[in-house]
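> Sequence first, then the predicted structure:
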Amino acid sequence: MRQVFTRERLIGVVVALVLGCAAFVYGLRWVESAITFRPVSTLGQHISPPAGAEDISFRSSDGTHLHGWFFKTEASPAVATLIFFHGNGGNISNVGWMGQRFAKHGFNVLLFDYRGYGGSEGEAALESDLYADGDAAVAFLTREKFVRPENIVLYGHSLGTAVVADVASRGKYGAVVLESGFSSASSVASTALPWLPGFLHFLGKNRFESGRKLATVRSPILIAHGDPDHTIPTTEARLLFTAANEPKKLLIVPGAGHVVFGAAGEPYLRQVEEFMRQSVTAR
């Protein structure tokens, strides 16, 4: 009887451990998803594009419909065509003014929403899906607007920098701008989840290894960051800069916080614009 009781107790302990581990992993991944993706969907709603923008749509590689706005500059020829990859929250309705601003300064601009964001279908959950959506945005420009990759500028903010790093690692573009970016999900987790031991970071679904990917990027790179940035530490910008190839430029903006283009305004955007102009015309 004592042996049966011990065996049953042991089985109970093992089952409890297995269930506890499963619950921990599930909870960790829920936290990861909640931190990584904060989409605001407008699917099914009619959202008028900003003045000067064309409402456009295209498909990702798995058939998911993506929505965006295309701003065509009145300048002829355009300096370049800019694709803006937004961060983990909201949607393109928050940055319509960016499209208008750069269009007035001689750039064509594509703003688009990843799956699950804005008017795009699907659900944002995996980094591989975001990379596919980024590739689809480039393909839209090359196939529908007949823009050559060397005339395309990839501009990413926050989460968007991970998409840009991946897309840029597999092609040659006119310029790359990484604003408020991070070197990897694990590196950011050390700050966002300080209670989680580093050896458990592998349990996350998404890696976002931008620092590693920059080693294969051959386009001019501008890395910009606010200081201090309480969302993604400014030290991440320096890690990205170290990983990047020449030609590269590091721009630290005191007091700008996480959304540098919004906080630092026109003086900052003029510096970004000048970098893009010089990069494209130096080819």
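Structure received.
> ranges for the strands of this structure?
Assigned by DSSP state E, the strands in the chain fall at 38-39, 53-59, 65-71, 80-85, 89-90, 107-112, 152-157, 175-179, 221-227, 248-254.
> Quick one: these as JSON lines, columns for mean pLDDT, mean neighbour count and distance to residue 266 too.
(Each C-beta comes from the backbone N, C-alpha and C, glycine too.) Below are the strands of the chain laid out as JSON lines (pLDDT from 0 to 100; neighbours: other C-beta atoms under 10 Å; distance: least, C-beta to C-beta, whole Å):
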{"stretch": "strand 38-39", "mean pLDDT": "91", "mean neighbour count": "16", "distance to residue 266": "27"}
{"stretch": "strand 53-59", "mean pLDDT": "97", "mean neighbour count": "15", "distance to residue 266": "21"}
{"stretch": "strand 65-71", "mean pLDDT": "98", "mean neighbour count": "23", "distance to residue 266": "18"}
{"stretch": "strand 80-85", "mean pLDDT": "98", "mean neighbour count": "26", "distance to residue 266": "16"}
{"stretch": "strand 89-90", "mean pLDDT": "94", "mean neighbour count": "14", "distance to residue 266": "22"}
{"stretch": "strand 107-112", "mean pLDDT": "98", "mean neighbour count": "26", "distance to residue 266": "15"}
{"stretch": "strand 152-157", "mean pLDDT": "98", "mean neighbour count": "28", "distance to residue 266": "16"}
{"stretch": "strand 175-179", "mean pLDDT": "98", "mean neighbour count": "29", "distance to residue 266": "15"}
{"stretch": "strand 221-227", "mean pLDDT": "98", "mean neighbour count": "24", "distance to residue 266": "15"}
{"stretch": "strand 248-254", "mean pLDDT": "98", "mean neighbour count": "17", "distance to residue 266": "13"}
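> Let me know which of these is the nearest to residue 133.
strand 65-71 (5.9 Å; C-beta to C-beta).
> Between the two ends of stretch 103-113, what distance do you get?
19 Å (C-alpha to C-alpha, to the nearest Å).
> same question but for stretch 66-84, I mixed them up
14 Å.
> returning to that earlier point: kindly reformat the strands of the chain as JSON lines containing distance to residue 213.
Converted to JSON lines, the strands of the chain look like this (distance: least, C-beta to C-beta, whole Å):
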{"stretch": "strand 38-39", "distance to residue 213": "23"}
{"stretch": "strand 53-59", "distance to residue 213": "24"}
{"stretch": "strand 65-71", "distance to residue 213": "22"}
{"stretch": "strand 80-85", "distance to residue 213": "14"}
{"stretch": "strand 89-90", "distance to residue 213": "23"}
{"stretch": "strand 107-112", "distance to residue 213": "21"}
{"stretch": "strand 152-157", "distance to residue 213": "12"}
{"stretch": "strand 175-179", "distance to residue 213": "11"}
{"stretch": "strand 221-227", "distance to residue 213": "11"}
{"stretch": "strand 248-254", "distance to residue 213": "14"}
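> shaky segments in this protein?
1-5, 7-35, 189-205, 283 (pLDDT under 70).
> Which residue ranges of it form helices?
Assigned by DSSP state H, the chain shows helices spanning 2-36, 96-104, 127-144, 159-168, 185-192, 210-213, 235-243, 260-263, 265-281.
> what helices or strands is the last one leaning on?
If I follow you right, that is helix 265-281. strand 80-85, strand 152-157, strand 175-179, strand 221-227, strand 248-254, helix 260-263 (3 or more C-beta pairs under 8 Å, 6 or more residues apart in numbering; DSSP states H and E).
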